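Student: This is a predicted model, with the sequence first.
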Amino acid sequence: MEQKPVLNFNNITFSYPDGRPILKELNFKLFKGDRIGLTGPNGAGKTTLFHLLVGLLKPDAGTLEAFGRPLEKEKDFVAARRKIGLLFQDADDQLFFPTVLEDVAFGPLNLGRCAEEAKKIALQTLALLGLQGFEQRLTHRLSGGEKKLVSLATLLAMEPEVLLLDEPTNGLDEKTRHNFLDILTNLDITYVVISHDFDFLDRATRSIYALAHGRIHTEQKVAVHQHTHAHVHGSLPHEHE
Ligand SMILES: Nc1ncnc2c1ncn2[C@@H]1O[C@H](COP(=O)(O)OP(=O)(O)OP(=O)(O)O)[C@@H](O)[C@H]1O
Ligand SMILES: [Mg+2]
């Protein structure tokens, strides 16, 4: 029997009301266990793609499916969002409670856990991410990297089936990035990571695709190359024209 995709973008076309077309009959399927990297130029529509899937935006044409069900009405998106953890490109869009503990406990509470259970899950998740002692910290005062990790904690506390990570390593130092990579690759979870960080994508994913000219190009896998030579990027991961 053919496996059903967990997420399915079927001929999706989208433009912002004031702009040029962003996505043009884009097709993409994600299957259980997939670990996909998505790259592509700034402004290509990568973040837009994630926002369409969780219902923040509506396609002009085409259909979306999650877990075998069409995403059409708000109630379909509400059900899908319970199983999909979206890490926003900007962590300030993710965190809205005064303290870290409240933010991380909110998801489990919202999924029907009692206050005590939600707190326990939140504490366990924070510990998993090496964030013990952050419970009472004020979210708006956290550093950029700390906000990213706390944002990931808010998602993991809900035990999602799929993670959509929008540039998760932006602003992370080398040690935190490594820690993030370790946590992610040890999770038994399906995910898509948008990133320009090829070294991270190479380690965290099994396939890397490019979004360009309104479509995801799955036929051409993005080759990752690492080398050291004398120019401004030195040994840092970088792209050549
Ligand atoms: N609310 C909006 N209204 C109008 N245009 C928008 C809006 N949001 C994004 N855009 C435009 O749509 C295009 C795609 O944006 P998107 O954020 O999806 O790109 P991206 O591939 O995630 O880029 P980056 O790598 O820089 O994060 C960009 O040109 C952007 O300026
Ligand atoms: Mg983006």
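Tutor: Noted; the coordinates are in hand. Predicted, not measured: the structure shown is a model, and the values here were computed from it. Ligands and ions are numbered 1, 2, ... in the order given.
Student: so Lys29 sits in a helix?
Tutor: No. Assignment of Lys29 by DSSP: H, G, I helix; E, B strand; the rest coil gives strand, placing it outside any helix.
Student: contacting residues for it?
Tutor: Pro5, Leu7, Asn8, Phe9 (Cβ atoms under 8 Å, 6 or more residues apart in numbering). For every residue, glycine as well, the C-beta is placed using N, CA and C.
Student: give the contact list for the second one.
Tutor: Spelled out, it's Leu7. By Cβ under 8 Å, 6+ apart, Leu7 lies in contact with Phe28, Lys29, Leu30, Leu53, Glu65, Ala66, Ile84, Val162.
Student: beta partners for it?
Tutor: Leu30, Ala66 (DSSP bridges).
Student: ok so, going back, may I ask which of the contacts of Leu7 has the most neighbours?
Tutor: The residue in these with the most neighbours, by other Cβ atoms under 10 Å, is Leu53 (28 neighbours).
Student: wait, that residue sits on Asp166?
Tutor: No. Contact between Leu53 and Asp166 fails when scored by Cβ atoms under 8 Å: they sit 11.3 Å apart.
Student: and Thr160, that one's in a strand?
Tutor: You called it Thr, but residue 160 is Pro. No. Per three-state DSSP, Pro160 lies outside any strand segment and is coil.
Student: Look up which residues are beta-bridged to the spatially closest residue to it that is not a sequence neighbour.
Tutor: Leaving out its chain neighbours, the residue that sits closest to Pro160 by Cβ to Cβ, 6 or more residues apart in numbering is Gly85, at 3.6 Å. Using DSSP bridges, the bridge partners assigned to Gly85 are Leu163.
Student: before we move on, back to that, can you redo the contacts of Lys29 as a markdown table, where the extra columns are distance to ligand 2?
Tutor: Listed next are these as a markdown table, based on distance: Cβ to the ion, whole Å:
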| residue | distance to ligand 2 |
| --- | --- |
| Pro5 | 23 |
| Leu7 | 18 |
| Asn8 | 21 |
| Phe9 | 16 |
